[in-house]
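Engineer: take a look and give me a structure for this.
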Amino acid sequence: MGAFAALALSLSLACCSKEELWVQSVAVRSSSLASRYVGTPDPRRECPDLGQKLVTRWKIPKSCRLEDGYFLVLAMRFGSREERVLLHPLRHHSGYYTYKLLNDEYFEREGIQSFKAEIVLEDRMIYEWRHQVWVDLMEIPISDEPNWEGRDAAPSELPFEGLSF
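Structural biologist: Numbering: from 1, shown residues only. The predicted structure follows:
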């Protein structure tokens, strides 16, 4: 019976995780209003907000001195292929920050496609949370003119082995 209790205890502890940083994307629509369900008067029911919000929560150890300059960095990529990075100073060891993309701005930017949150101290990342499809982009310099330097043949004359048309 002792082995079973030890196994149960270890499984229960394994399920408990300490999330230092966590981000959730939430759709904002008329069904988000509590007044819709309880029937209280609410002027927003006539013209509800539409869009998306990111709720970022953090919990960092009390041993960290916030005076040292901890920041939350929230990077977002929108459907319109724009990017935005927000910096938010951390003044408490735990808390949350909500970014809202609503109404006209939501439609102009075509929603939030992916995002990444970091807690940083002096340009050093301490904690990180990434959306499932977030990837770091590679910067590739593009010139207007092709560079065929060191090649004897034009692109149409280069051999392509193994291809059949």
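
Engineer: from residue 84, how far off is the residue positioned nearest the centre of the chain?
Structural biologist: The centroid of the chain falls nearest to residue 115 when counting by Cα atoms, centre = their mean (2.1 Å). Remark: distance between residue 115 and residue 84 (Cβ to Cβ, to the nearest Å) = 10 Å. C-betas here are computed from N, CA, C, even on glycine.

Engineer: who touches both of these two?
Structural biologist: Counting by Cβ atoms under 8 Å, 6 or more residues apart in numbering, the common neighbours of residue 115 and residue 84 are 75-76.

Engineer: and the gap between residue 52 and residue 93?
Structural biologist: 28 Å.

Engineer: hmm, I was thinking of residue 23
Structural biologist: Distance check for residue 23 against residue 93: by Cβ to Cβ, it reads 18 Å.

Engineer: do the same with residue 115
Structural biologist: Distance from residue 115 to residue 93, counting by Cβ to Cβ: 23 Å.

Engineer: returning to what we had before: who has more neighbours out of residue 52 and residue 93?
Structural biologist: The neighbour count for residue 52 versus residue 93, taken as other Cβ atoms under 10 Å, is higher for residue 52 (18 against 14).
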